[in-house]
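Novice: Here is my input, please return the structure:
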Amino acid sequence: MLREIIFASSVILISQAFAVDCVSGTNISERPKDAPVVNKVVHDINWYAQALYGVSKPYPHSLSFIKSQGNWYTPFNKAGMLTPYDIRSWHK
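Specialist: Residues are numbered from 1 along each chain as shown. Model prediction:
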């Protein structure tokens with residue numbers, strides 16, 4: 001029993017020590033001062049070719065969201081599931 005108490009106390013102390021360096025900082029309601037900032041979003045012609053791969057012209061209006069796509073991750077321009085669900089022919 002004493003061994004379990006010591007182990008649990010050690011885990012709590014170690015996790016508290018690592019919690020100081022978490023991504024959101026120690027005050028989660030504020031963005032850390034040294035956090036990176038995106039100042040400009042640039043998508044070149046290659047990015048658009050990748051994003052519209054497998055979609056035929058005229059492009060549907062439902063894809064107009066890519067004009068305002070920022071630098072965040074999007075699964076839309078990555079190869080997805082294999083056949084028979086590969087409607088954009090990513091996996092040939």
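Novice: Going by C-alpha atoms from here, please, whenever you check contacts or count neighbours.
Specialist: Fine.
Novice: which stretches of this protein have low pLDDT?
Specialist: Residues of the chain meeting the criterion pLDDT under 70: 1-25.
Novice: Helix or strand: which one has the residue positioned nearest the centre of the chain?
Specialist: Closest to where the C-alpha atoms of the chain average out (C-alpha atoms, centre = their mean) is Y73, at 4.3 Å. Taking DSSP states H and E as the definition, Y73 sits outside all helices and strands.
Novice: which ones are touching it?
Specialist: Counting by C-alpha atoms under 8 Å, 6 or more residues apart in numbering, Y73 makes contact with nothing.
Novice: how about the helices in this protein?
Specialist: For the chain, applying DSSP state H gives helices covering 2-19, 45-51.
Novice: Output the shortest one as CSV, restricted to C-alpha atoms.
Specialist: C-alpha atoms of helix 45-51 as CSV (Å, rounded to 0.1, in the frame of the first residue of the first chain):
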residue,chain,number,x,y,z
ILE,A,45,0.0,27.6,-58.4
ASN,A,46,1.4,24.3,-57.3
TRP,A,47,-0.7,24.4,-54.1
TYR,A,48,-3.9,25.1,-56.1
ALA,A,49,-3.0,22.3,-58.5
GLN,A,50,-2.6,19.9,-55.6
ALA,A,51,-5.8,21.1,-53.9
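Novice: So which elements touch it?
Specialist: If contacts are counted by 3 or more C-alpha pairs under 8 Å, 6 or more residues apart in numbering; DSSP states H and E, helix 45-51 sits against no helix or strand.
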